[in-house]
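Asks: Got a predicted model here, sequence first, then my questions.
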Amino acid sequence: MSSGHGTRRKVGKHLNSMVAPDPEALAEIQGLFGKVRAYVKPPPGEWAVPDPNVSLRYPAEEHQQLQTLKASLNAVKNQLSDKNVQVWHQHTNSTNRAGKVIGAVRSAANAEICTQAWCKFYEILGSFSLLPEDALRDGELNTVHLCEAPGAFITALNHYMKTSEATRYCDWVWAANTLNPYHEANGGGTTIADDRLIANTLPWWFFGSDNTGNIMIQKHLLDLQAFVSNMRRVDLVTADGSFDCQENPDEQEALVASLHYCEATAALLLLSPGGSFVLKMFTLYEHSSVCLLYLLNCCFRSVAVFKPATSKAGNSEVYVVCLDYDGKEAVRPLLSKLIRNYGPSMADREALFRSSAIPESFLTQHREVCTYFHSLQVETITENLRLFEGMTVELRQRLDYIRDCVAHEYLQRFQVSFLPRSRWISRNTVSPACCSVSAGRPLGQKKQTGSFNERRELQTLSWRERVQKSCHAAWIQSHASEDRGPSCVLEGPLSVCHADSWYVVVGAALPAVRNSPFCEGGLLNHLNEAPAESAEDWSRVAPCGSCRVASPASILSEVAALSNKSPVKENTKKQCLVFGSSSDWGVCGSQIGDLELTFSAEPSVPQRRCVSLHDGDPLYQQQLLSRLASALRTLRPGDALLLPLLSALTRVAAAAVLCLHACFGSVSFRCPPPSGAVGAVLVCVGFRPDAAPRVLPILTEVQNRMSEMSGEEDSADRQVLQFVPMEELLTGGLTEFLWTMNSEIIRQKLHLLMQS
């Protein structure tokens, strides 16, 4: 903390000693913080919610002037198609007038999850009376945050509440929703992997009955209402959702329209009278956006479209800030219809309203709003294109001076002050294992590389060619040259095991494992994109003749040597339970050294057409847990276990490894297992039976639940997803172990496919 304090003083001193901006710079700075257009309501009654009986009944219409703006903007953006995205982002970061704000805030404020989203929402809080006066007067604020990962809006609001005089003593309760980063079927392009806040505050997050967190499911909307029913009222709803539209940027607005409709419907359902709503949108040219903005204007006293200074000026992002909600009663008939039509294609069906139902006075203002933000964005992109060709030293110095001034203005304007780490949200949470969650694990999203045109061309290549052009290519194609031994070891037994508080989570069945907190997303994407016919049965993939891997004999010899060091009585005969056939392990007898060998059938590799399910197959998981429970019941103190594992990408398989970690002195892995199937073998040495009685009841419960589900009508739609809380799966060295093992398993699979 001392180094952080020193940096804060240094930055603060630099900014405070700045010369006052000249008139031209001052005008530019003021303009940067004033990018807002508010709708001005005519006399009461002129803007009113149209008859619900004629809503959602007619096809969408086009507004010619708005479509002209769209075509104009896309023509300007298309000039970026040949620009390398990383080079272009570096350039636009250097020209971004607010580019130094995040660094200044981090240094001056010690902000939790201080990202661009944090700065944008703090700016919104400082620019609008977002928190209802009634709530502040009563000393109680309740907020709901939709599509919120990684949680920067929440941490920004916490910072604001804890450091502002008017809110410092206000009781604040919050709840949040987002696509569950731990549901393995949630795709990497839509799911935020950064779980620093989520992992530490899981009870406050709503993921729905299917555990996906998809807010665009009707049942989840109603369940969310029940989830926040303990709040006396809901004062603020924020919605920061979007999709990755970088491969089709021209249609970003249309692609996210249904999400915006769902977010707005949720806000209208949840908010109490007088509440506020903040909705991230983009361009507002389509009829779906026109209808949504008109509806919000009919439901709130005040609606403004705001482009924060800390939102990059060249993108289409804007925030719709709605204040003083009229309440559900004013919109109830239409709201009921919106809920009935709620879903992922909400904006793809009929239009919410006909154009003739929207007053010309609103359409005129809306066109003016769109024209204003269109001109700002075109001006920024055009300037960036011009400056991309080169900047003089004088212009670079001028830009740098403006960036310093903007950072100083941000800190002063919004009174950003220091918040001790002890007052962060993740430090206020009482959790048995929340402090080191996610430590050391990469949290970034999939990064775009090359230009838009180059990425389009990449999609036309074969899978093999795409892998060869990836950053993983050299590692994947390198042969294993020697027996490297255990690259990662779980030293045990696990000191703290809260098995008595473990519980079973059932949710949406996994059609595929598209993401995992226990491996690198890019590698998993490569594997999932592999031609299905080339990986139909991993147990029959021919080994690579140039790779030198650990032999069965060397693994058994190593286990025997480690078992001899196990701290049990010398006259106790130790055994090793081996899952697999003796022929696979190349053993004729039942002993190696002083170690007795017992062989048992290993979990069978799932024979399914969906090869991207990996260890998520319910039958495979049931067999895996059955073998694990059997071992824990039969092993004696000091015994060893060799358990083949397909992978540990899912929470169920990861929990199985945690159970072993709790019961053995050490757990390591060798890849591939001697059976020839692709995967790894877990090498568990030094059985300590103390933890087994605590672990076995939950394993029995999980197996019973799996058996029951196999006979249920919706068995194909639901499966057991978890039985150890994520707080424990993400703690200590387990995550590093799983990350290392899964990476090696995936590398091995990709290597064999590339060699075939």
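Replies: Right, received. Where do you want to start?

Asks: does Leu490 really touch Phe737, like I thought?
Replies: Yes. With contact defined as CB atoms under 8 Å, Leu490 reaches Phe737; the gap is 5.1 Å. No exception for glycine: its C-beta is placed from N, CA and C like everyone else's.

Asks: Over to the spatially closest residue to Ser582 that is not a sequence neighbour: give its phi and psi.
Replies: If the residues on either side of it in the chain are set aside, Ser582 comes closest to Phe599, at 5.1 Å by CB to CB, 6 or more residues apart in numbering. The phi/psi pair for Phe599 (degrees, to the nearest 10) reads phi -110, psi 140.

Asks: wait, what's in contact with Cys544?
Replies: The contact partners of Cys544, by CB atoms under 8 Å, 6 or more residues apart in numbering, come to His479, His751, Leu752, Gln755.

Asks: Buried subset of those, written for ChimeraX?
Replies: In ChimeraX syntax, the buried subset of the contacts of Cys544 is picked out as below (16 or more other CB atoms under 10 Å):
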select :751,752,755
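
Asks: Sitting in helices, which of the contacts of Cys544 do you find?
Replies: Cross-referencing the contacts of Cys544 against helices under DSSP state H gives His751, Leu752, Gln755.

Asks: Go through these and name the one nearest Asn74.
Replies: Using CB to CB, His751 comes nearest to Asn74 of these, at 42.5 Å.

Asks: Could you chop the chain up by domain?
Replies: According to automatic domain parsing, the chain comprises the domains 33-82+112-389, 461-532+543-755.

Asks: Ok, which of those comes nearest Ser417?
Replies: The closest of the domains of the chain to Ser417 is domain 33-82+112-389. By CB to CB, the value is 4.8 Å.

Asks: how long is that closest one end to end?
Replies: One end of domain 33-82+112-389 to the other measures 28 Å (CA to CA, to the nearest Å).

Asks: related to what we said a few turns ago, what residues are shared contacts of Leu490 and Phe737?
Replies: Common neighbours of Leu490 and Phe737, using CB under 8 Å, 6+ apart, are Val657, Val667.

Asks: re the thing from before, let's have the contacts of Cys544 in a markdown table, adding distance to Arg514.
Replies: Shown next, in a markdown table, are those (distance: CB to CB, whole Å):
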| residue | distance to Arg514 |
| --- | --- |
| His479 | 29 |
| His751 | 22 |
| Leu752 | 22 |
| Gln755 | 25 |
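
Asks: Specify which member of the contacts of Cys544 is nearest to Leu385.
Replies: Out of those, the member with the shortest distance to Leu385 (by CB to CB) is His751, at 43.1 Å.

Asks: Which residue is the nearest non-sequential neighbour of that closest one?
Replies: In space, and not counting its chain neighbours, His751 is closest to Ile476: 5.6 Å by CB to CB, 6+ apart.

Asks: Now for the one you found: which residues touch it?
Replies: Residues near Ile476 by CB under 8 Å, 6+ apart: Val467, His526, Arg747, Leu750, His751, Met754.

Asks: Name the nearest of the residues you listed relative to Leu643.
Replies: Among the contacts of Ile476, Arg747 lies closest to Leu643 (CB to CB), at 20.8 Å.

Asks: burial of that closest one, as a residue count?
Replies: As a burial measure, Arg747 scores 21 neighbours (other CB atoms under 10 Å).

Asks: hmm, back to that, which one of Leu490 and Phe737 has more residues nearby?
Replies: The residue with more neighbours, out of Leu490 and Phe737, is Leu490; 26 against 23, by other CB under 10 Å.

Asks: Can I take it that Ile172 is in a helix?
Replies: Not quite, residue 172 is Trp, not Ile. No. The assignment for Trp172, made by DSSP: H, G, I helix; E, B strand; the rest coil, is strand rather than a helix.

Asks: is it true that it touches Tyr160?
Replies: No. Look at Trp172 against Tyr160 with CB under 8 Å: they stay out of range, at 10.1 Å.

Asks: Any chance of JSON lines for the domains of the chain, columns mean pLDDT and distance to Thr92?
Replies: Output for the domains of the chain, formatted as JSON lines (pLDDT from 0 to 100; distance: least, CB to CB, whole Å):
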{"stretch": "domain 33-82+112-389", "mean pLDDT": "94", "distance to Thr92": "5"}
{"stretch": "domain 461-532+543-755", "mean pLDDT": "86", "distance to Thr92": "23"}
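
Asks: residue ranges for the strands of the stretch 151-300 of the chain, please.
Replies: 171-177, 205-206, 236-239, 276-281, 300-306 (DSSP state E, counting those that start in this stretch).

Asks: And the helix or strand hosting Arg464, what does it pack against?
Replies: Taking DSSP states H and E as the criterion, Arg464 maps to helix 463-468. Under the contact criterion of 3 or more CB pairs under 8 Å, 6 or more residues apart in numbering; DSSP states H and E, helix 463-468 touches helix 473-477, helix 734-755.

Asks: and the residue nearest to Ser582, what are its bridge partners?
Replies: Beta-bridge partners recorded for Phe599 (DSSP bridges): Val578.

Asks: still on that earlier bit, from the strands of the stretch 151-300 of the chain, which stretch is densest packed?
Replies: Mean neighbour count (mean count of other CB atoms under 10 Å) peaks for strand 236-239 among the strands of the stretch 151-300 of the chain, with a mean of 26.

Asks: From the contact counts, what lies against that one?
Replies: By 3+ CB pairs under 8 Å, 6+ apart, strand 236-239 packs against strand 140-146, helix 257-270, strand 276-281.

Asks: I'd like those as TSV, with distance to Val105 appended.
Replies: Formatted as TSV, the helices and strands packed on strand 236-239 follow (distance: least, CB to CB, whole Å):
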stretch	distance to Val105
strand 140-146	20
helix 257-270	27
strand 276-281	19
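
Asks: Out of the ones you listed, the one nearest Gln591 is which?
Replies: Gln591 lies closest, by CB to CB, to one member of the helices and strands packed on strand 236-239: strand 140-146, at 60.8 Å.

Asks: what's that closest one packed up against?
Replies: Packing partners of strand 140-146 (3+ CB pairs under 8 Å, 6+ apart): helix 152-163, strand 171-177, strand 236-239, helix 257-270.

Asks: Contacts for the second one next, please.
Replies: By that I understand strand 171-177. Taking CB under 8 Å, 6+ apart as the rule, strand 171-177 contacts 139-148, 151, 154, 157-158, 161, 204-207, 213, 215, 224, 227-228, 231.

Asks: between the strands of the stretch 151-300 of the chain, which gets nearest to Gly545?
Replies: Per CB to CB, nearest to Gly545 of the strands of the stretch 151-300 of the chain: strand 205-206, 48.9 Å.

Asks: For the closest one, which strands pair with it and how are they oriented?
Replies: With DSSP bridges as the test, strand 205-206 is paired with strand 171-177 (parallel).

Asks: Give me the angle between the strand it pairs with and strand 140-146.
Replies: For strand 171-177 against strand 140-146, the angle by axes from the mean of the first three to the mean of the last three CA atoms, to 10 degrees is 10 degrees.

Asks: now the angle from strand 171-177 to helix 257-270?
Replies: Going by the same axes, to 10 degrees, strand 171-177 makes 150 degrees with helix 257-270.
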